[in-house]
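K.L.:
next one to model:
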Amino acid sequence: MQSQTSYRDAGVDVERGDAFVERIKSKVAGTYNNRVMAGVGGFAALYRAGNGKLLAAGTDGVGTKVKIAQQLGEHGSIGIDLVAMCVNDVICTGATPLFFLDYLATGKLDVDTGEKILDGIIDGCKQSECALIGGETAEMPGMYQNGEYDLAGFCVGEVMEQELIDGSRVAEGDTLIALPSSGFHSNGYSLVRKLVNEKETELLQACLTPTRIYWNAVKGLRDCLHGMAHITGGGFANIPRMNAGFDYVIDTLPELDHLPPVFGEIARRSQLPRAELYQTFNMGIGFVMATRQPDALLSRLSAAGERFWRIGHVARGAGRVIVTGKDGFTLD
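P.N.:
Reported below is the predicted structural model:
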C-alpha cells in the first residue's frame, strides 16, 4: 500500500506560516498611520487615498512552480501566474486593478528567457486591464545557479469606500458560488514536484497550466456580492477570510472526474485524505463568492458563458469550512 505524502513531507509547513503572520501583525501595525484601513492578513491591504477612494495593494510570487518552467525550458506562461496571484487577491476587495510591477532575480540574466517571462507578465496585465508600469531585474551570482530565477509581483487597485467588498455584509443564509480553476494555479508545487518524476514531461506540462485571472469574470458582478475569496495557498481554508465570524457549509463539490485529470493523478499519488487535499490545493475551485442574490448572479454568469458551481451557504459559526456528506470534513 502506497504511503501518504503530505505538503509538510515536501518541506512546507502551512501552520507555521500562518503562525508567523499572526506573530508579526502587531509589529507591522506599528508602522500604520490613520490612512491604513486594512493591513497584514487580508487578501489585500487597504489605504485611504482621499476623497472616499481606497487603494488596494497586494504582492505575491509564483513559488516553486518556477522550477517546472525552468526544468521544461518553457517560460512564456509563468509571468501570467505572477500577475494572476496578485490581481486575484486585490479584486477580492471589489477593487479595479490599476497597475503592476515585477521583480525578477536571477544568477545570470538570459535575455531570451527574461523576454519570455516579460511577455507573460504583459499578457497577464492585459487580461487584468492594468498597466505594467515598472519593475526590477537583479543579477545575483552565488544566490542562484545559471538558468535559475525567482519572481515577485506587486499590484495596486482602487475602489470607492462605499463600494468596498470587505466581507462585512456577509450574512447567514448567503449562497456560495464557485468559479473553476485552470489547474493547480501557483500553490502546492513543492508537493507536486515531490510526486512527479522530472521525466514525466506530459504531466509536468499539465502542471504548468497558467493561473486563471478572475477579473473579467467578476468585474460586472460586484454590485451583488457580499464577499469574495481567492482559493490560494491553504486551499479551502481561504474561504473564511471573507468574514471569520461565520461558518461556510459546502454541500456540493465538483467530482474529480469532472476536473482536469492532473487533480486525480496527484490525489492518487499523494494518498492524502480529502481534508488535506482541500487544504493544500484548490481542487478545481479557484474563486468563491458569497451573495444574497444567487439567481441574479447565476444569470449573469450564464449570460457571460462562465462555468460555475453553487456549492453551499453561509451559516452561524466561527470561521470554519464544513464539507458535508459521507466523506465530509471540517477545516478550522
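
K.L.:
so who does residue 176 touch?
P.N.:
Residues in contact with residue 176, defined by CB atoms under 8 Å, 6 or more residues apart in numbering, are 239, 248, 250, 288-290, 310-314. The way it works is simple: take the backbone N, C-alpha and C, and place the C-beta from them, glycine included.

K.L.:
tell me, domain by domain, which residues of the protein belong where.
P.N.:
As recorded under automatic domain parsing, the domains making up the chain are 32-163, 175-331.

K.L.:
what about the first one, start to end distance?
P.N.:
One end of domain 32-163 to the other measures 23 Å (CA to CA, to the nearest Å).

K.L.:
just stretch 152-171 next, same as before
P.N.:
By CA to CA, the extent of stretch 152-171 from end to end equals 35 Å.

K.L.:
how far is that stretch from where the chain is centred?
P.N.:
Relative to the mean C-alpha coordinate of its chain, stretch 152-171 is positioned 15 Å out (CA atoms, centre = their mean, to the nearest Å).

K.L.:
report the central residue of the chain.
P.N.:
residue 232 (3.1 Å; CA atoms, centre = their mean).

K.L.:
mind checking the backbone torsions on it?
P.N.:
Backbone torsions for residue 232, taken as degrees, to the nearest 10, come to phi -120, psi -140.

K.L.:
does it touch residue 187 like I think?
P.N.:
Yes. In terms of CB atoms under 8 Å, residue 232 counts as a neighbour of residue 187; the distance is 5.7 Å.

K.L.:
anything in contact with each of these two?
P.N.:
Joint contacts of residue 232 and residue 187 (CB under 8 Å, 6+ apart) are residue 282.

K.L.:
now the helices: where do they sit in the stretch 1-150 of the chain?
P.N.:
Ranges of helices within the stretch 1-150 of the chain are 14-29, 65-72, 78-90, 111-128, based on DSSP state H, counting those that start in this stretch.

K.L.:
would you mark the buried spots in the longest one?
P.N.:
The one in question is helix 111-128. Buried positions in helix 111-128, judged by neighbour count with 16 or more other CB atoms under 10 Å: 113, 116-118, 120-121, 123-125, 127-128.

K.L.:
so for that helix, what's the average pLDDT?
P.N.:
For helix 111-128, mean pLDDT rounds to 98.

K.L.:
what of the third one?
P.N.:
For helix 78-90, the mean per-residue pLDDT is 98.
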